[in-house]
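S.K.: Fold the following, please.
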Amino acid sequence: MSASSVNRRRILSLWLPRLPIDRIQRFFSSAGLGEANHEPSIVVIKDNNALVIHALDEAAERLGLYIGHPLANARAMCPDLKVFDADIVADAKTLSDIADWCDRFTPLVALDAPHGLFLDITGCAHLFGGEAALLKTLVRALARQGFAVSAAIAGTSVCARTLTRQATGTIVADGGEAAAIDQFPVSALGAGEAITTGLRRAGLKTIGDVASRSSHEITARFGARFSTLLAHALGQGDAPINPRKPLPDYIVEKRFAEPIATDTMIAMTLSRLADTLIASMEKQGKGARRLEAAFFRTDGVVRAITVETGRPVTRSAVIDRLFRERLDALADPLDPGFGFDMVRLSASRTEIVVQEQRDLDAHVHDNDEIAALIDRIAARIGGKRVVVHLPKDTHIPESAVLAAPAQHHLTAAMQAEWPARAESEPPLRPLRLFDKPEPIKVPFATVPDGPPHQFTWRRALHAVVRVEGPERIAMEWWRQDGKQLTRDYFRIEDAEGLRFWIFRDGLYEGETFDGEGKPVSPNWYVHGLFA
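M.R.: Model (predicted):
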């Protein structure tokens with residue numbers, strides 16, 4: 001046997017032909033309205049300004065209805081037909097939820113829109129008793145969840161997909177793809193109506209008929225894309241599937257014969273998985289930066305919880321603490337339903353652990369404690385809400401500081417160099433800077449670049465008694481396209497002792513004009529308050 005055949009992939013294709021109607025009927029069943037399922041039901045969608053059947057249940061199919069059948073004709077055949085409008089977004093969400101549930105079999109799950117999935121089961125089928133047992137387990141589980149499902153396994157995704165439409169339950173041995181689909185109609189390839197019609201007109205009614213022709217003939221008549229599709233269906237090479245999620249660096253999981261539902265058992269399971277995960281990473285000198293715990297319920301619902309860390313985690317106790325914080329802070333509590341039959345812990349981002357001298361360097365211990373505190377707070381309220389401020393090389397006041405997630409920029413924040421303040425001099429910038437400058441009313445000011453004598457802010461009149469400035473700040477013309485005006489900033493103190501940082505937006509008779517091109521008085525704003 002060649003090396004290429006030893007490493008050949010195995011693809012399981014799932015097709016849910018009645019997904020839209022199954023989703024609706026599952027909703028009625030969960031709402032206690034299961035009696036609605038006894039009536040023939042269809043889902044309709046608009047096509048060329050006409051309503052046609054998009055999906056139908058088994059009862060409607062027995063009446064002779066089919067996908068693409070006009071709704072008017074269907075109602076004439078069955079006046080009691082129950083009709084629902086298509087919801088493509090909800091169908092996609094349901095398919096995504098099923099894909100999440102399929103992660104229990106393999107982390108390599110790809111969408112085969114609109115109603116299918118691909119599972120790369122290479123090297124993992126033996127964990128479930130072989131390919132036949134895996135296929136049987138998966139189909140039965142989805143059927144219990146209320147879905148009609150067709151499944152097949154082959155060495156290529158195109159062949160497996162073709163089998164799901166024609167011979168569900170088929171498992172094709174490596175190298176047997178061409179023989180398995182030889183007698184199927186050409187429409188089973190899913191190449192499109194135009195190509196299918198062209199093949200039939202050429203007398204090529206089955207896939208075997210097409211395969212008997214030379215590849216250059218097929219390519220010349222129907223294009224290279226169809227020729228490649230045919231080759232993949234026959235097992236002659238295959239394009240890799242595109243998994244929904246990147247493969248984690250490390251995965252550990254625990255399956256249960258009897259589902260667990262208590263907080264104690266969940267915590268114990270996570271703790272044991274954390275020990276195993278840390279042991280696996282320790283062998284390669286790595287620590288986790290991003291961790292995900294996935295909880296698989298018996299009814300097909302999957303709940304995933306993610307935590308991130310500022311530094312690589314190398315202790316299971318830290319993982320336990322972070323997930324406890326995350327679980328305690330969930331706005332939507334972790335509902336076990338009838339229990340979880342599998343819990344998975346994965347490290348999706350890891351880094352090599354750099355050893356540091358920790359016995360004599362007190363700063364290292366302080367940094368570790370700060371990083372651990374940030375991780376715990378981030379696990380509880382979210383990483384985006386815990387920020388550090390970094391200086392930016394710009395003279396624009398509102399852009400001089402960048403708020404960045406503390407978990408990822410703690411080291412940069414500690415090493416950042418801020419402009420030094422002159423000794424025995426008042427601060428040049430206010431302690432509080434508004435996110436958005438607030439407009440003020442200035443009845444008159446010294447022209448062309450003098451301060452106001454009084455101004456009104458938030459309905460209060462302030463008389464100016466002391467002024468420092470102006471400090472002129474021109475905007476970054478190479479970034480703003482000349483749309484921003486020049487600012488003159490003043491440090492103002494009023495009669496009550498309050499100190500403001502205000503600016504005039506634009507120059508007199510130089511930058512502010514009305515619609516007719518005549519100069520107008522620029523606007524004034526307060527940008528911050530001094531302590």
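S.K.: tell me which residues in stretch 253-268 are buried?
M.R.: By neighbour count on 16 or more other CB atoms under 10 Å, the buried set for stretch 253-268 is E253, K254, P259, I260, M265, I266. Where C-beta positions appear, they are placed from N, C-alpha and C, glycine not excepted.
S.K.: same question, stretch 76-89
M.R.: Neighbour counts over stretch 76-89 (16+ other CB under 10 Å) mark C78, L81, K82, F84, A86, D87 as buried.
S.K.: Among the buried residues of stretch 253-268, which are located in strands?
M.R.: Members of the buried residues of stretch 253-268 lying in strands (criterion: DSSP state E): E253, K254, P259, I260.
S.K.: May I see the buried residues of stretch 51-68?
M.R.: Neighbour counts over stretch 51-68 (16+ other CB under 10 Å) mark L51, V52, I53, H54, A55, L56, D57, A59, A60, E61, L65 as buried.
S.K.: now the third one: how far from R472?
M.R.: In this structure, I53 and R472 are separated by 71 Å, where distance is defined by CB to CB, to the nearest Å.
S.K.: And the strands in the stretch 301-450 of the chain?
M.R.: Taking DSSP state E, counting those that start in this stretch to define them, one finds strands in the stretch 301-450 of the chain at 302-313, 340-352, 387-391, 401-405, 432-440.
S.K.: now the angle from the last one to strand 401-405?
M.R.: By that I understand strand 432-440. Orientation check (axes from the mean of the first three to the mean of the last three CA atoms, to 10 degrees): strand 432-440 against strand 401-405 gives 130 degrees.
S.K.: C-terminal to strand 432-440, which secondary structure element comes first?
M.R.: Next helix or strand after strand 432-440 toward the C-terminus (DSSP states H and E): strand 454-457.
S.K.: Tell me how many other residues crowd P40.
M.R.: 20 (other CB atoms under 10 Å).
S.K.: That one reaches A60, doesn't it?
M.R.: Yes - using CB atoms under 8 Å, P40 is in contact with A60, at 4.0 Å.
S.K.: Common neighbours of these two, please.
M.R.: Between them, P40 and A60 share these contacting residues under CB atoms under 8 Å, 6 or more residues apart in numbering: C78, L81.
S.K.: Run through the stretch 301-450 of the chain and note the low-pLDDT ranges.
M.R.: Residue ranges of the stretch 301-450 of the chain with pLDDT under 70: 355-367.
S.K.: actually the stretch 1-150 of the chain, sorry about that
M.R.: When residues are selected by pLDDT under 70, those of the stretch 1-150 of the chain lie in 1-7, 31-38.
S.K.: Recalculate using a threshold of 50.
M.R.: Flagging of the stretch 1-150 of the chain using pLDDT under 50 yields the residue ranges 1-6, 35-36.
S.K.: all helices for it, in order.
M.R.: Secondary structure of the stretch 1-150 of the chain (DSSP state H, counting those that start in this stretch): helices at 3-6, 19-30, 58-62, 71-77, 88-102, 131-144.
S.K.: Count the residues that sit near the residue nearest to A413 when sequence neighbours are not counted.
M.R.: Setting aside the residues directly before and after it, A413 is nearest to V388 in space (CB to CB, 6 or more residues apart in numbering), at 3.7 Å. Residues lying near V388 (other CB under 10 Å) number 19.
S.K.: swap in Q407?
M.R.: Neighbours of Q407 under the rule other CB under 10 Å: 23.
S.K.: Check the one 10 residues further on too.
M.R.: Other residues lying near E417 total 6 when counted by other CB under 10 Å.
S.K.: and it, how far is that from L431?
M.R.: With CB to CB as the criterion, E417 and L431 are 20 Å apart.
S.K.: just R10 next, same as before
M.R.: Applying CB to CB, the value for R10 to L431 is 65 Å.
S.K.: Repeat that for A148.
M.R.: According to CB to CB, A148 stands 66 Å off from L431.
S.K.: Likewise for G383?
M.R.: 27 Å.
S.K.: Next: A110.
M.R.: When distance is defined by CB to CB, A110 is 54 Å away from L431.
S.K.: And the two? Which one has more around it.
M.R.: Between A110 and L431, counted using other CB under 10 Å, the more crowded position is A110 (19 against 11).
S.K.: for the closest residue to I377 other than its chain neighbours, what are its contacts?
M.R.: Leaving aside its chain neighbours, I377 sits nearest to V386 (5.3 Å; criterion: CB to CB, 6+ apart). Contacts for V386 (CB under 8 Å, 6+ apart) come out as I374, I377, A378, P405, A406, Q407.
S.K.: of these, buried ones?
M.R.: Listed as buried from the contacts of V386 are I374, I377, A378, P405, A406, Q407; burial here means 16+ other CB under 10 Å.
S.K.: closest to R23 among those residues?
M.R.: Lowest distance from R23 to these (CB to CB) belongs to A378, with 35.8 Å.
S.K.: my guess is that closest one meets E308, correct?
M.R.: Yes - A378 is within contact range of E308, at 6.8 Å (criterion: CB under 8 Å).
S.K.: Which strands or helices does the strand or helix carrying T219 pack on?
M.R.: Using DSSP H and E, T219 sits in helix 215-222. The contact analysis (3 or more CB pairs under 8 Å, 6 or more residues apart in numbering; DSSP states H and E) places helix 215-222 against helix 193-201, helix 224-233.
S.K.: mind running it again at 7 Å?
M.R.: When contacts are defined as 3 or more CB pairs under 7 Å, 6 or more residues apart in numbering; DSSP states H and E, helix 215-222 sits against helix 224-233.
S.K.: And the helix it packs on, how far out from the chain middle?
M.R.: 32 Å (CA atoms, centre = their mean, to the nearest Å).
S.K.: for stretch 415-433, same thing?
M.R.: Put simply, stretch 415-433 sits 41 Å off its chain's centre (CA atoms, centre = their mean).
S.K.: Span of it from start to end?
M.R.: Length of stretch 415-433, first residue to last, CA to CA, to the nearest Å: 23 Å.
S.K.: Report the contact partners of the residue nearest to A413.
M.R.: V388 makes contact with A404, A406, H409, L410, A413 under the criterion CB atoms under 7 Å, 6 or more residues apart in numbering.
S.K.: what bridges to the closest residue to the third one other than its chain neighbours?
M.R.: Closest residue to H409 apart from its sequence neighbours, by CB to CB, 6+ apart: V388 at 5.5 Å. Counting by DSSP bridges, V388 forms beta bridges with A404.
S.K.: still on that earlier bit, would you list the buried residues of stretch 253-268 in JSON lines and tack on distance to L247?
M.R.: Shown next, in JSON lines, are those (distance: CB to CB, whole Å):
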{"residue": "E253", "distance to L247": "14"}
{"residue": "K254", "distance to L247": "20"}
{"residue": "P259", "distance to L247": "27"}
{"residue": "I260", "distance to L247": "26"}
{"residue": "M265", "distance to L247": "28"}
{"residue": "I266", "distance to L247": "25"}
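S.K.: What is the nearest of those residues to S215?
M.R.: In terms of CB to CB, no member of these lies closer to S215 than E253, at 44.0 Å.
S.K.: if I pick Q484, what's in contact with it?
M.R.: Counted by CB under 7 Å, 6+ apart, Q484 has contacts M475.
S.K.: Repeat the analysis, applying 10 Å as the threshold.
M.R.: Residues in contact with Q484 (CB atoms under 10 Å, 6 or more residues apart in numbering) are I396, I473, A474, M475, E476, W477, D505, G506, E511.
S.K.: That concludes my questions; thank you for your assistance.
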